[in-house]
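K.L.:
Got a sequence here, can you model it:
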Amino acid sequence: GLLLYDIVAVRAHRPAMRWRRALARQLAERPLDNTWVLAGAALAVALGLWLLALALTPGHRSLLPMRRPHPDVRAGLKRDAAAQVLRDRAMELSGVRSVRVRMRRRKAAVHAVSHFRELDDVRADLDTTLTEAIHGLGLTHAPRLALRVTRAARKG
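P.N.:
Residues are numbered from 1 along each chain as shown. Take a look at the predicted model:
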């Protein structure tokens, strides 16, 4: 932050801070094979590699953040576990043969296969049940439900 402030001040036609002028003078006077110059360059490279590694690592993307009832408590729910809960709730309904759930950060894509009930009735029941299940998960940002219901393929 201090370096950024100094750069902005120089761009605004103000003199650079004393430490920056002294550093620039020292770097101009020292040869490139000096131990301190090489140590500073190695530190800059290490810091750059560390920042690059942090930028490329996935972090906690597989966790969905949950609501915080108390400021001291933080919790997360794995996407696979949330998808399993939605799948189990959908399989409890009559007329549902199989369910596939893809849980993303902003959307829960549910594909259900029905076999003996009307598709509109199954879709309405699934919509109600899964909407309640999503709100029951206690997530900070409830994902949008994308529901697709199809008829089971006929045998023969």
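
K.L.:
who's in contact with stretch 125-137?
P.N.:
Here stretch 125-137 makes contact (C-beta atoms under 8 Å, 6 or more residues apart in numbering) with 64, 66, 77, 82, 85-86, 89-90, 92-93, 95-96, 108, 110, 112, 142-143, 145, 147, 149. All C-beta atoms are positioned from the backbone trio N, CA, C, and that covers glycine.

K.L.:
Now the buried members of the residues you listed.
P.N.:
Buried by 16 or more other C-beta atoms under 10 Å: 64, 77, 82, 85-86, 89-90, 93, 95-96, 108, 110, 112, 142-143, 145, 147, 149, out of the contacts of stretch 125-137.

K.L.:
show me where this structure has helices.
P.N.:
For the chain, the helices defined by DSSP state H occupy 2-11, 18-29, 35-56, 79-91, 119-136.

K.L.:
tell me the most buried of the ones you listed?
P.N.:
The highest mean neighbour count among the helices of the chain, using mean count of other C-beta atoms under 10 Å, belongs to helix 79-91: a mean of 17.

K.L.:
Can you tell me how far Glu92 is from Ala108?
P.N.:
Distance, Glu92 to Ala108, using C-beta to C-beta, to the nearest Å: 17 Å.

K.L.:
That'll do, ta.
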